[in-house]
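J.: Sequence and predicted model, in that order:
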Protein chains: 2
Amino acid sequence: MHIRPGRYHHGDLRAALLNRAEETLREKGPAALSLRELARDLGVSHAAPSRHFKDKQALLDALALTGFERLDETLKASRERADESFAERLAVMAHAYVGFATANAELLDLMYSIKHDPEASEALDAAAQRWSEQIVELIGEGQRQGQVREGPMERVGLPVFVTLHGYASMAVSGMLPLETIEHGLDDVIAYILQGCAPE
Amino acid sequence: MHIRPGRYHHGDLRAALLNRAEETLREKGPAALSLRELARDLGVSHAAPSRHFKDKQALLDALALTGFERLDETLKASRERADESFAERLAVMAHAYVGFATANAELLDLMYSIKHDPEASEALDAAAQRWSEQIVELIGEGQRQGQVREGPMERVGLPVFVTLHGYASMAVSGMLPLETIEHGLDDVIAYILQGCAPE
DNA sequence: ACCTGAACACCGTTCAAGT
DNA sequence: ACCTGAACACCGTTCAAGT
């Protein structure tokens, strides 16, 4: 078990905790996530995690943060695969977001869960803001190409944002039949295009 | 403490548990909800709840179900306040749904949380389906009035559904600034109207 | 039928103490 | 700096027993 001799069991217990937490979140759900079991899985004492996360909520917040970072990377990568037409770029981003959401359902739930601890959520808010800015850029391009109505971003971009988020959220919560998820997104994309087009 | 003599402490412990659970959910969040504390609050032993809910998840499921029922009533009531134009009816329903969501944020989160216990969620699925049928009716009226494009409901209604749900979901999760929530909905309604209009 | 009380196996968190 | 071990106050769940 000598991953890095001279540094106890782990070279990076913090990262190991986050990785393992995401696995059990995915496999057994949020209710089954316990700090003590995490510590057991990693072969450290049950008190060890407290050196890296002040409490369980801090670990969950950090986990949600990594989710936003990976989402951001996923969307950035997807944009390089898109051509220059607004419709195509919107479609690529929509599929990328919904794909991430369904592939990481429990994590997405955590990322958007209510923060009843109103401190420490600044970092999360900022991370959520960052990915919404990818939509802002997309909408801006659409406006320059005349595919999207003029107006301030809070008014023009918000509807697009909530539509994508709503689709992903419904898919994740299991309220949409699986075949609807597969075939419904293209209809939603067409509706978004029409909804934000100049009149 | 004789609420109903001859029937122990409570006339209806089940209902009392659900009521108290919703209060603490609203006031202290889902993490603070414990069966033992619920029992303590109601003056019964900690084992009493198990007579009415086989485990904690069963109580949460029942609570979510009451949420869907109240949502359904709220929406039904709102429809009586609307005139006959599609735009007006859509606006009334949108405000009613978003109003319910923000007034019952934690409960809405619970209603749409992932069911990692895939049993027993049939009743919840059915309840969610019931409120979506109110949108189906609305869309059907819009189609008959020529305000909404023709087509099967899964294709025409789904985009409207996910837009409203996405807006409510963003508002509930705290990702939208409060003033955006207030002023943004009317823009979203206009966008929905344009998005599902005949081309 | 409905509830109690004790018991069991688990938690999260803290804190002195070790290396 | 990083972790351990014991301790504390809490859980959810079960089950014999009471009324």
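T.: Thanks, I have the structure now.
J.: And for the residue lying closest to A:Ala101 once chain neighbours are set aside, the neighbour number?
T.: Nearest-residue entry for A:Ala101: A:Ala168, 3.6 Å, with adjacent residues in sequence omitted and distances by CB to CB, 6 or more residues apart in numbering or on different chains. Yep, even glycine has a C-beta here, placed from its N, CA and C like the rest. For A:Ala168, the neighbour count with other CB atoms under 10 Å in any protein chain shown is 25.
J.: Check which helix or strand A:Ala168 maps to.
T.: Taking DSSP states H and E as the criterion, A:Ala168 maps to helix A:153-173.
J.: relative orientation of the helix or strand following that helix and helix B:178-196 in degrees?
T.: Counting by DSSP H and E, the next helix or strand C-terminal to helix A:153-173 is helix A:178-196. If you take axes from the mean of the first three to the mean of the last three CA atoms, to 10 degrees, helix A:178-196 sits at 100 degrees to helix B:178-196.
J.: Do I have it right that A:Val172 meets A:Ala103?
T.: No: the criterion here is CB atoms under 8 Å, and A:Val172 misses it with A:Ala103 at 10.0 Å.
J.: More neighbours: which of these two?
T.: The neighbour comparison of A:Val172 against A:Ala103 (other CB under 10 Å) goes to A:Val172, with 23 against 11.
J.: residues near the closest residue to that one other than its chain neighbours, how many?
T.: Distances taken as CB to CB, 6+ apart put A:Ala105 closest to A:Val172, at 4.4 Å, once the chain neighbours are dropped. Number of residues near A:Ala105 (other CB under 10 Å) recorded here: 19.
J.: Quick check: which helices or strands does the lengthiest helix in chain A pack against?
T.: In chain A, with assignment by DSSP state H, the single longest helix is helix A:56-80. Here helix A:56-80 is seen to pack against helix A:13-28, helix A:86-103, helix A:105-111, helix A:122-144 when contacts are counted using 3 or more CB pairs under 8 Å, 6 or more residues apart in numbering or on different chains; DSSP states H and E.
J.: Of all those helices, which one comes closest to DNA strand C?
T.: helix A:13-28 (10.3 Å; CB to the nearest atom of the strand).
J.: Can you check what angle separates the helix or strand just after that closest one from helix A:56-80?
T.: Next along the chain after helix A:13-28, taking DSSP H and E as the criterion, comes helix A:35-42. If you take the same axes, to 10 degrees, helix A:35-42 sits at 60 degrees to helix A:56-80.
J.: okay, the angle between helix A:35-42 and helix A:13-28?
T.: Computed by the same axes, to 10 degrees, the angle separating helix A:35-42 from helix A:13-28 equals 110 degrees.
J.: touching DNA strand C at all, the longest helix of chain A?
T.: Yes: when contact is scored as CB under 7 Å from any atom of the strand, part of helix A:56-80 falls within range of DNA strand C: A:Lys56, A:Gln57.
J.: how about that helix, does it reach DNA strand D?
T.: No: Helix A:56-80 lies apart from DNA strand D when judged by CB under 7 Å from any atom of the strand; the minimum separation is 12.9 Å.
J.: What count of nearby residues applies to the residue in chain A positioned nearest to DNA strand C?
T.: Closest residue of chain A to DNA strand C, CB to the nearest atom of the strand: A:Asp55 (2.9 Å). The local packing of A:Asp55 (other CB under 10 Å) involves 12 other residues.
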